[in-house]
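Visitor: Generate a structure from the sequence data that follows.
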Amino acid sequence: MLTSQPAPHAVPPVPAALPSSTLCHPQRVARLAASLYLLLAVLGAFAHLGARAAVHVPGDAAETADRVRAHASLVRVAFVADLVQATLLLFVGVLLYALLGHAARAVGRVMVGLVGVATAIMCLNLVHHLGALLVATEPAYAGAFGPAGADGVVLLLLDLHRNGYLVAQMFFGLWLAPLGYLVLRSGAVPRVIGVLLVVGCVGYLVDMLVGFLAPAAAATVTPLATVPAALAELSLIGWLLVRGVRVRGAQVPGAVEPRPAP
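Guide: The predicted model follows:
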């Protein structure tokens with residue numbers, strides 16, 4: 001008598017949305033991640049585009065140092081804002097991994113690793129920011145270097161911070177690629193956002209390379225190169241805040257369904 005052989009296990013399909021059993025409260029996690037993402041964007045814009053841009057005058061050491069001294073409190077607040085936003089980036093990466101990492105665990109781990117590197121570089125780079133403030137406001141440095149020499153050091157430190165920020169940009173640009181892949185793979189948020197995130201990654205990298213290789217063109221290239229990333233990140237934040245993530249009721253992919261009792 002012929003006996004039937006058990007069929008081999010089928011390869012589980014790619015999930016169309018977030019499995020409901022991966023997180024107890026996925027919508028809360030989604031909105032928390034989006035809220036922190038929005039907060040870090042606001043803090044980063046204030047520190048980088050607001051405070052530092054107001055005091056840093058490229059090529060003019062005396063004017064830069066005078067502005068730092070005149071707005072010392074603003075520069076201090078910007079330091080704290082940048083420190084907080086860099087730390088928040090790490091938490092956002094972990095929360096997004098919790099939301100989307102089920103789609104591709106290895107890719108999710110790469111994403112978190114890139115976020116960790118970006119956070120570390122941004123925090124270390126803030127030493128230049130704080131150093132510029134100290135040299136500009138502490139009389140001991142003017143006595144040691146002379147007023148003109150101290151002003152030159154202030155400008156040097158802010159120039160170093162600007163270039164250190166570009167180094168960090170390589171990693172907080174690169175992390176958008178695995179994030180976009182997870183969005184495309186999971187289907188938990190609209191896939192068009194995933195495409196925008198990948199394009200945004202390329203834009204950040206182009207902006208970083210132009211900043212180092214052709215700094216004279218940076219003022220023209222930066223607004224164009226960073227638009228896709230800004231659009232992608234704001235779209236992701238808005239979607240997670242308003243709609244959350246798509247949750248399906250199926251079990252976790254790969255789990256073995258219990259067989260009915262005979």
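Visitor: quick one, strands of the stretch 51-200 of the chain?
Guide: Along the stretch 51-200 of the chain, counting by DSSP state E, counting those that start in this stretch, no stretch forms strands.
Visitor: In it, mark out all the helices, start to finish.
Guide: According to DSSP state H, counting those that start in this stretch, the stretch 51-200 of the chain carries its helices in the segments 53-55, 61-70, 72-100, 105-137, 139-145, 147-174, 176-186, 191-213.
Visitor: Quick check: which of the ones you listed is buried the most?
Guide: Comparing those by mean neighbour count (mean count of other CB atoms under 10 Å), helix 176-186 ranks first with a mean of 24. (Glycine included, C-beta is placed from N, CA and C.)
Visitor: remind me which residues of this protein are low pLDDT?
Guide: Low-confidence segments of the chain, defined by pLDDT under 70: 1-23, 248-262.
Visitor: middle-most residue in it, spatially?
Guide: The centroid of the chain falls nearest to Phe172 when counting by CA atoms, centre = their mean (4.5 Å).
Visitor: and that one, how far is that from Glu63?
Guide: Separation of Phe172 from Glu63 (CB to CB, to the nearest Å) stands at 30 Å.
Visitor: again with Ala148
Guide: Taking CB to CB as the measure, Ala148 falls 13 Å from Glu63.
Visitor: Could you do Arg52 as well?
Guide: Taking CB to CB, one finds Arg52 at 14 Å from Glu63.
Visitor: Same question for Gly164.
Guide: Using CB to CB, we find Gly164 at a distance of 22 Å from Glu63.
Visitor: now swap in Gln27 and tell me
Guide: From Gln27 across to Glu63, the span is 50 Å (CB to CB).
Visitor: What of Ala230?
Guide: When distance is defined by CB to CB, Ala230 is 30 Å away from Glu63.
Visitor: What of Tyr204?
Guide: From Tyr204 to Glu63 the distance is 30 Å (CB to CB).
Visitor: Tell me which of the helices of the stretch 51-200 of the chain lies nearest to Ala47.
Guide: Nearest to Ala47, of all those, is helix 72-100, at 4.2 Å by CB to CB.
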